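1. got a predicted structure here, sequence first:
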Amino acid sequence: MKKPSPYLTFAGTIPFIICALLLTFDVDAIRVLGKTEQVLAVYGLVIATFMAGAQWGNHLSLDDNHPWAFRLPILSNIVALLLWLGFLSLTTLGFIVLLILVFLALLLIDYGLCRTHIIDRSYFKVRVYVTCIVVISLIVSAFQL
């Protein structure tokens, strides 16, 4: 049986796409969930923090002398704290811009992990496609705010 992770990873882009479309069509709020821009910001916070946590988890299986064994926990904690502080202190537009930068930074880290064979090439390929979808959705959303 195939792993569900690629499908779940692509499915994770759906809320980004829907929020971008809703904002484009001036849908200010989503019934029960709240303001569309807030729904997008919170979902982006959850997903980006989850991705940083996944990168943190990658260091657990590395030998202590591996360069990424030191880098990954530090970088992932910086990303998580930056996201938290950004969410609390920035405007929604500012936070969306931060999310764009963070998703690109997380992809850059994954590129390094792929080059050193910590993550496999097929996973990285999915990450590239998904990051493109997410970043484009966030850019579209940012232009609507």
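-> Arrived safely. Numbering: from 1, shown residues only.

2. tell me the buried residues in stretch 95-106?
-> Neighbour-count burial for stretch 95-106, counted by 16 or more other C-beta atoms under 10 Å, picks out F95, I96, V97, L98, L99, I100, V102, F103, A105, L106. Where C-beta positions appear, they are placed from N, C-alpha and C, glycine not excepted.

3. do you have the strands of this structure handy? List them.
-> In the chain, the segments counted as strands under DSSP state E are 29-30, 34-35.

4. thinking again about what came up before, reformat the buried residues of stretch 95-106 as CSV; add distance to I118 and pLDDT.
-> Conversion of the buried residues of stretch 95-106 to CSV gives the following (distance: C-beta to C-beta, whole Å; pLDDT from 0 to 100):
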residue, distance to I118, pLDDT
F95, 29, 98
I96, 29, 98
V97, 29, 98
L98, 26, 98
L99, 24, 98
I100, 25, 98
V102, 20, 98
F103, 19, 98
A105, 17, 97
L106, 14, 97
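
5. return the distance of stretch 103-119 from the chain's centre.
-> Stretch 103-119 has its average C-alpha position 13 Å from the chain's average C-alpha position, going by C-alpha atoms, centre = their mean, to the nearest Å.

6. neighbouring contacts of that stretch?
-> Counting by C-beta atoms under 8 Å, 6 or more residues apart in numbering, the neighbours of stretch 103-119 from elsewhere in the structure are 48, 51-52, 55, 58, 62, 67-68, 72, 75, 79, 120-121, 123-124, 127-128, 131, 134-135, 138.

7. repeat the analysis, applying 10 Å as the threshold.
-> With C-beta atoms under 10 Å, 6 or more residues apart in numbering as the contact definition, stretch 103-119 has outside contacts at 16, 44, 47-48, 51-52, 54-55, 58-59, 61-62, 66-69, 71-72, 75-76, 78-79, 82, 120-125, 127-128, 130-132, 134-135, 138.
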